[in-house]
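>>> one predicted model, sequence on top.
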Amino acid sequence: MGMKMLWGKIYESIKAVFPISIIILFISILIGIDGHTIFNYLIGDFMLIIGLALFAIGSYSSTVTIAESIGEYIVKRRKLWVFILVAFLVGFLITIAEPALWVLADQFKSVISQPLLIIVVALGVGLFIVIGLVRILTQHKLPLIFTISYLILFLIAGLVAIWFDSGFIPVAFDAGGVTTGAMAVPFIISLGFGISKARGDRSSDEDSFGLVGIASIGPIMAVLILGIFSQSTIPISDTSTTFIGYFLQNLYKMAIAILPFVLFFTVFQLFTFRLNRKRVIKIGIAFGYTYVGLVLFLTGASAGLVKIGTMIGSYFGATDFQWLLIPLGMLFGFTVVAAEPSVVALNRQVEDVSAGAISRKLMMVALSIGVSIAIGLACLRVITGISIWWILIPGYTLTIILSFLTPKIFSAIAFDAGGAVSGAMTSAFLMPYALGASAAIGTNILTDAFGLVAFVAMAPLITIQLLGLIYKGKMKDINIMQPDDEIMEISEVKS
């Protein structure tokens, strides 16, 4: 890795993190947060920037490249059992390595064992990765798959709410959002692209999207089922762990998370890929960058953002102007999107696959607006305590309807974007912001504060599909105008 590339990625990371960092710093000074907490936040911000840069370099050179190769391999083998087994293992392992999931599991560890929650979620992702990849092979319509899946999902959620423990419902939907983050999004999209490319269909570019959206359904179902066998309690927020404590924890956790995936690549290298020694060394170094990047990013996010997010939420929740939580949350939501590693990866891949028709800037604006509205609704729930169903059911109903109306590529990208925007930054800052506010106001943390990630994941499904309808309308206008242009050209030739 050249220093030019490293500095380039650091510059990109600074641009992504700078807006949200300045806002947090300004608010923290304004409300009188102590200097020690602010200093820790600034150190965490620095680690977050360096970690994001190293991760961006390492993940693209390791997981993305490997994912496309695995996708092509399992199609060429033409054996269904190999396809299903490899697809499941890939989905399971990449989920275990997802940093945003570790952040959520850490916040919920007083309710459910952290390893148990991660394993259950990984099983759900593995199962739905198989379903999503089989869809690419069989060419079933994406809106139909989403419609059937969400109908089953809401049926299970309704049964759990009525007969078992409704406290797990917000957490289950949050799990679906955070699972598809920095590690999973670029990997899953590349896996789908590799399978589509190996299949050789003309629509392979479009089919490579939508897989992240399908994979996001698995964790929700898995945690809902877990709720049948578990009793929910109010989670206890941990803001006492030091930088050194988080750093040591993440060194261990991320090693465990990435090691199975490295072993998985090793097996493929020995029996299938047979890449030359130089290429293997490069991929090994890339895995090293990914590991170091994740450790720094998670340490910076957990130690720097969790505490300050909780304190800001608590401050405004305890005032007579609790309604300020809504516009402030919307501002945080609008700016935090750019700092999500998975969003950066998704926008780049969308621009590449669409040949520039859907630009990174356009995607970022649509995602930012969607997340901003989502955080506003989440803060409204924290203040008022309204049921999560009043937002989820209309939101997903509109989402499914739009999927049958908007162009296929926009629908597929929208469902992928829903997973991408709800990553580690959302879990490490926006969730503590809501948790702190809920604790100060005195509402039920489990049922009223959790669910924020679910709203964040749902918002782009609507905004990007609406963007698709606008695009569709403009293309229709162009097609209507085109015959007149041709007539004019013909008359000019005759004259």
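Thanks, I have it. Residues are numbered from 1 along each chain as shown.
>>> burial check on the residue nearest to Phe173 when sequence neighbours are not counted, number of neighbours?
On the basis of Cβ to Cβ, 6 or more residues apart in numbering, the spatially nearest residue to Phe173 that is not a chain neighbour turns out to be Ala454, at 3.3 Å. Where C-beta positions appear, they are placed from N, C-alpha and C, glycine not excepted. A count of nearby residues for Ala454, using other Cβ atoms under 10 Å, gives 29.
>>> shaky segments in the stretch 51-200 of the chain?
60, 63-65, 99-100, 107-111, 165-167, 181-183, 199-200 (pLDDT under 70).
>>> got a pLDDT number for the residue nearest to Phe173?
As predicted, Ala454 sits at a pLDDT of 86.
>>> ok, now which ones touch it?
Applying Cβ atoms under 8 Å, 6 or more residues apart in numbering to Ala454 gives the contacts Pro170, Phe173, Asp174, Gly176, Gly177, Ile388, Leu392.
>>> pull out the buried members of those.
For the contacts of Ala454, a burial check counting by 16 or more other Cβ atoms under 10 Å picks out Pro170, Phe173, Asp174, Gly176, Gly177, Ile388, Leu392.
>>> dump these to JSON lines, plus secondary structure and distance to Ser28.
JSON lines is the format used below for the buried ones among the contacts of Ala454 (DSSP: H, G, I helix; E, B strand; the rest coil; distance: Cβ to Cβ, whole Å):
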{"residue": "Pro170", "secondary structure": "helix", "distance to Ser28": "27"}
{"residue": "Phe173", "secondary structure": "helix", "distance to Ser28": "30"}
{"residue": "Asp174", "secondary structure": "helix", "distance to Ser28": "25"}
{"residue": "Gly176", "secondary structure": "helix", "distance to Ser28": "31"}
{"residue": "Gly177", "secondary structure": "helix", "distance to Ser28": "26"}
{"residue": "Ile388", "secondary structure": "coil", "distance to Ser28": "30"}
{"residue": "Leu392", "secondary structure": "helix", "distance to Ser28": "32"}
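>>> so Thr266 versus Gly284, what's the distance?
10 Å (Cβ to Cβ, to the nearest Å).
>>> look at the nearest residue to Met311 once chain neighbours are set aside and give its secondary structure.
Spatially, and ignoring its direct neighbours in sequence, Met311 is nearest to Ile33 (5.6 Å; Cβ to Cβ, 6+ apart). Under DSSP: H, G, I helix; E, B strand; the rest coil, Ile33 falls in the coil class.
>>> Ile33 contacts Thr310, correct?
No: under the criterion of Cβ atoms under 8 Å, Ile33 makes no contact with Thr310, lying 10.7 Å away.
>>> those two: which is more packed in?
Between Ile33 and Thr310, counted using other Cβ under 10 Å, the more crowded position is Thr310 (23 against 19).
>>> tell me which element that one is part of?
Here Thr310 sits within helix 306-317, counting by DSSP states H and E.
>>> now for that helix, which elements pack on it?
The contact analysis (3 or more Cβ pairs under 8 Å, 6 or more residues apart in numbering; DSSP states H and E) places helix 306-317 against helix 3-30, helix 35-59, helix 325-336, helix 431-441.
>>> so which of those helices gets nearest Gly304?
Nearest to Gly304, of all those, is helix 35-59, at 1.6 Å by Cβ to Cβ.
>>> tilt between that closest one and helix 3-30?
150 degrees (axes from the mean of the first three to the mean of the last three Cα atoms, to 10 degrees).
>>> now do the buried residues in helix 35-59.
Buried-residue list, helix 35-59, by 16+ other Cβ under 10 Å: 38, 40-41, 44-45, 47-59.
>>> could you point out which element follows it?
Downstream of helix 35-59, the next assigned helix or strand under DSSP H and E is helix 65-76.
>>> in that next one, what counts as buried?
Thr65, Ile66, Ala67, Glu68, Ser69, Ile70, Gly71, Glu72, Tyr73, Ile74, Val75.
>>> that helix: how far from the chain's middle?
22 Å (Cα atoms, centre = their mean, to the nearest Å).
>>> contacting residues around whichever helix or strand comes after it?
Sequence-wise, the next helix or strand downstream of helix 65-76 (DSSP H and E) is helix 80-96. The contact list for helix 80-96 (Cβ under 8 Å, 6+ apart) reads 63, 67, 70, 73-75, 77, 101, 118-119, 121-123, 125-130, 133-134, 137, 179, 183-184, 187-188, 191, 215, 218-219, 256-257, 260-261, 264.
>>> inside helices: which ones of those?
Counting by DSSP state H, the part of these found in helices is 67, 70, 73-75, 101, 118-119, 121-123, 125-130, 133-134, 137, 179, 184, 187-188, 191, 215, 218-219, 256-257, 260-261, 264.
>>> nearest to Val223, of the buried residues of helix 65-76?
Nearest to Val223 among the buried residues of helix 65-76, counting by Cβ to Cβ, is Ala67 at 25.2 Å.
>>> how about the closest one, what does it touch?
Here Ala67 is in contact with Val90, Pro186, Phe187, Ile188, Ser190, Leu191, Gly194 (Cβ under 8 Å, 6+ apart).
>>> any idea how far the residue positioned nearest the centre of the chain is from Leu123?
Closest to where the C-alpha atoms of the chain average out (Cα atoms, centre = their mean) is Ala420, at 2.9 Å. Separation of Ala420 from Leu123 (Cβ to Cβ): 22 Å.
>>> and Cys379, by the same measure?
32 Å.
>>> among these two, which residue is more densely surrounded?
Between Cys379 and Leu123, counting by other Cβ under 10 Å, Cys379 is the more crowded of the two (32 against 19).
>>> so that one makes contact with Leu435?
No: the pair Cys379 / Leu435 is not scored as a contact, 11.8 Å apart, by Cβ under 8 Å.
>>> any idea how far Val75 is from Ile119?
From Ile119 to Val75 the distance is 28 Å (Cβ to Cβ).
>>> now the helix or strand harbouring Thr266, how far from the chain's geometric center?
Following DSSP H and E, the helix or strand that holds Thr266 is helix 243-268. Centre-to-centre, helix 243-268 and its host chain are 20 Å apart (Cα atoms, centre = their mean).
>>> again with stretch 419-439
12 Å.
>>> end-to-end on it?
27 Å (Cα to Cα, to the nearest Å).
>>> re earlier: in the helix holding Thr266, which residues are buried?
Buried, per 16+ other Cβ under 10 Å, within helix 243-268: 243, 246-247, 249-250, 253-254, 257-258, 261-262, 264-265, 268.
>>> buried set for whichever helix or strand comes after it?
Remark: after helix 243-268, the chain's next helix or strand is helix 277-300, criterion DSSP H and E. Within helix 277-300, the residues that qualify as buried are 282-283, 286-287, 289-300, counting by 16+ other Cβ under 10 Å.
>>> quick check: angle from helix 277-300 to helix 65-76?
Following the same axes, to 10 degrees, one obtains 120 degrees for the angle between helix 277-300 and helix 65-76.
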